[in-house]
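K.L.:
Would you be able to build a 3D model of this:
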Amino acid sequence: MSCVPTRTDDADHPPMSPAARFQGPHSPPPTGPRRRFHIAGADVSASVCVFLIALPLSLGIALATGAPLQAGLVAAAVGGIVAGRFGGSPLQVSGPAAGLTVVTAELIQRYGWRTTCAITVLAGLCQLGLAALRVARSALAVSPAIVHGMLAGIGVTIALAQLHIVLGGTPQSSALANVAALPLQLANLHPAALSVSVLTVAVLLAWPRIPGRAGQILRTVPAALAAVAAATALATFAQLHQPRVDLPSWRSHALPELPEGPVLGLLAAVLTITLVGSVESLLSAVAIDKLAAARKKPDVRIPRTDLDRELAGQGAANVVSGALGGLPITGVAVRSSANVSAGAVSRHSTMLHGLWITVAALLLVPVLDLIPLATLAALVMVVGVQMVNITHLRSVKRNREILVYAATVSAVVLTGVLEGVLIGVAVAVTVALHRLTRTRITVEEDGTFHRVRVRGQLTFLAVPRLSRVLGQVPHGVDCVVELDGSFMDHAAYEALHDWQTSHRQQGGTVEFTGRSGARISEPAQETHGCCRPWTPWRNHHCGERPQPAEAHQLATGLSAFQRNTAPLVRDELARLAREGQQPSQLFLTCADSRLVTSMITASGPGDLFTVRNVGNLVPLPGEESGDDSVAAAIEYAVDVLGVESITVCGHSGCGAMQALLNSPPDGAPTPLRRWLRHGLPSLERMRSRRHAWARISGRMPADAVEQLCLTNVVQQLEHLRAHESVARRLAEGTLQLHGMYFHVGEAQAYLLTSATGHDVEQVFDRVAPTPSVLEKAHV
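P.N.:
Numbering: from 1, shown residues only. The predicted structure follows:
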């Protein structure tokens, strides 16, 4: 069995067959005809799921923009086939999106449909140019508050417009006009339109919440399709008289014409389609990367999005869609997340969904003509309401960006998308400048010394206030200046330095500290910069010998935690206290003080269920000799907490492994020796000729101790499999085992990646650092 699941090398290709995996580099090619093109079954099923969602939504978005309904189908088909083939995100589904609905509707009202198609072509060419300049990553620099505010403002505008069609009327030209006309519309309700709309909304909201096995079966049909089908059935069998979908012949389908109108207005239109579509597509692609990485099944490695290629794919799709008379195209988060959830493993699912849309547009016109327009309006209205995402709002509020969010939402609703985004950017810049110049400086007497606290960035604008507060410190006293900021300009530095010199000349002392309490007044070369972030938690004194006052050190550390760290983690710990722990991993490692599990795994409270003992040993069942602590922890983690993986982590220079190698066979049975006998199978495995030696990132171990440390990780994984709870979860396929080795001197982690077995070489591969920019982007 493998400690790390086997993954395919490229998500653009299906998983290799078992026979292909075992063919060596010099093996003869397989006999029979060579299969040059293969579509995985998971991609076929996922494409059908996405098609069933995209079909009604594409018609609804076309209706909301005022474009011909065929334009939505053209955009969906082109988005699936062209953007799916040439884009850089294998699992992202592109097509007509609600994010461009308001922009497109304004363009159609101002310039007409055929000119809007030409604008779409030009926007696609601009996207191709931006992709050639490789500037796609700069889209991630846009504040999430602006993006979420833009989408929320678009959602509000869409919902207000579609509400009039739901009630049986006609939408107005702006959001304010729709609000003003709403009372009159409520006084003149159309029962037929209202009935099918209410049924559509009810099915949309109730469908995901149907309980039991029946609900599980029904939910295989997308909620959007179920809602449209139910409302269409009601309108057909009840013979309700109301407007329905009317797809004219494709022979009369409108194609683009040369743009006519003011040049500046046309340029602004092209810029708006380019920017809004590009930002929405790229942020959606980043979000889909996260969903694909978090997915457990199918176990296929999906490459990260190539953002520049994705932007080029979106540009090519917009050029083709506009040329064929389709709506503007962008990456659609709803369909993409459905594609990931349905188990797609390559871009074939996206392309097939475009093919199914094409087939439906050509062969299912009589069926599509039965759909009431009010049903599509209700569907798009719900989508618009959902664009005002409560989770996004909480995130914005938590990061103190609510002013930027509210300004963007209001501006988009009142003025339009491009103007609203520009206003949001202006507000975001203003808020950033305000925070940069807002510095809180206080002084207080703390026992025998005075403490000056500086919160915020120290620039020349804060120097007058800083000098005034420093002047309040009495002469000749001890003073601590606590700096909590990431920037200090030259003027502020000079002010602090001059005051420090003057205060010391008058018999006082000055010490500068950071927020953690660590001194920062000494030159960098006199401190151990490599361990500075961990100094407050370690028994370590830079440039000094450790003092014997351990209790004082503990009290100092606890005080620093309560002052600096506790306020930051109190809310999260309170949540964990309410909800209980739900760790995803059992982490079994050595008790060595040099291993800081939270540091090397970048984990926080509630992430790891950690078990530490001398030598990271896992006693075999029945050999605990009265000490069941490790077995109890394993059973609790696997059966009660339901962890999804177990990691055994060894490390370099392990004292337990050195003791195993050097311990005489006839030594006194001390508690340490009795415990270390659980490591004897590792020692026997290393000395046995039946087992291949472990290698570490392409090299042999440096010495016998390192070899035993590596072998011990492999052996303890074998011991884990002997535990009944672990064996059961492994058989169910709901638990994974991982081997890990941490080289202390190199600060380097290695993961066991080869299959385990008696005669299979064990390989620990080096874990390379990865950039975190994409991980921070969120849609």
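
K.L.:
Let me see the contact set for the nearest residue to V44 once chain neighbours are set aside.
P.N.:
Counting by CB to CB, 6 or more residues apart in numbering, L352 is the residue found nearest to V44 once chain neighbours are left out, at 6.5 Å. In this view, the C-beta of every residue, glycine as well, is placed from N, C-alpha and C. Applying CB atoms under 8 Å, 6 or more residues apart in numbering to L352 gives the contacts 39, 43-44, 47, 51, 80.

K.L.:
Could you give me the PyMOL selection string for whichever of those residues are buried?
P.N.:
This is the PyMOL syntax for the buried subset of these, where burial follows 16 or more other CB atoms under 10 Å:
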select buried, resi 43+47+51+80
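
K.L.:
ends of stretch 461-474, how far apart?
P.N.:
Stretch 461-474 has an end-to-end distance of 24 Å (criterion: CA to CA, to the nearest Å).

K.L.:
circling back: report the secondary structure state of the residue nearest to V44.
P.N.:
Recorded secondary structure, L352: helix (DSSP: H, G, I helix; E, B strand; the rest coil).

K.L.:
now the lengthiest helix in the chain: mean pLDDT?
P.N.:
In terms of residue count, the longest helix belonging to the chain (DSSP state H) is helix 263-294. If you average the pLDDT over helix 263-294, you get 86.

K.L.:
Past that helix, which element shows up next along the chain?
P.N.:
Using DSSP states H and E, the helix or strand that follows helix 263-294 in sequence is helix 307-323.

K.L.:
distance between that following helix and the chain's centre?
P.N.:
24 Å (CA atoms, centre = their mean, to the nearest Å).

K.L.:
which secondary structure elements does the next helix or strand after it contact?
P.N.:
Once the chain leaves helix 307-323, the next helix or strand it forms, by DSSP H and E, is strand 330-331. Contact partners of strand 330-331 among helices and strands, from 3 or more CB pairs under 8 Å, 6 or more residues apart in numbering; DSSP states H and E: strand 94-95, helix 263-294, helix 307-323.

K.L.:
just to revisit the earlier point, and the longest helix of the chain, what does it pack against?
P.N.:
helix 101-111, helix 113-132, helix 144-166, helix 307-323, strand 330-331, helix 333-341, helix 417-437, helix 773-776.

K.L.:
and those, which is most packed in?
P.N.:
Across these, averaging neighbours per residue (mean count of other CB atoms under 10 Å) puts strand 330-331 on top, at a mean of 31.

K.L.:
can you list the residues that contact that strand?
P.N.:
Residues outside strand 330-331 that contact it (CB under 8 Å, 6+ apart) are 83, 89, 92-95, 97, 99-100, 276-278, 280-282, 284-285, 288, 310, 314.

K.L.:
Just the buried ones from these?
P.N.:
Among the contacts of strand 330-331, those classed as buried by 16+ other CB under 10 Å are 83, 89, 92-95, 97, 99-100, 276-278, 280-282, 284-285, 288, 310, 314.

K.L.:
Look up how far P372 lies from the residue nearest to V44.
P.N.:
Per CB to CB, to the nearest Å, L352 is found 29 Å from P372.

K.L.:
With N389 instead?
P.N.:
With distances taken as CB to CB, N389 is found 28 Å from P372.

K.L.:
give me the beta-bridge partners of V763?
P.N.:
Under DSSP bridges, the beta-bridge partners of V763 are R695.
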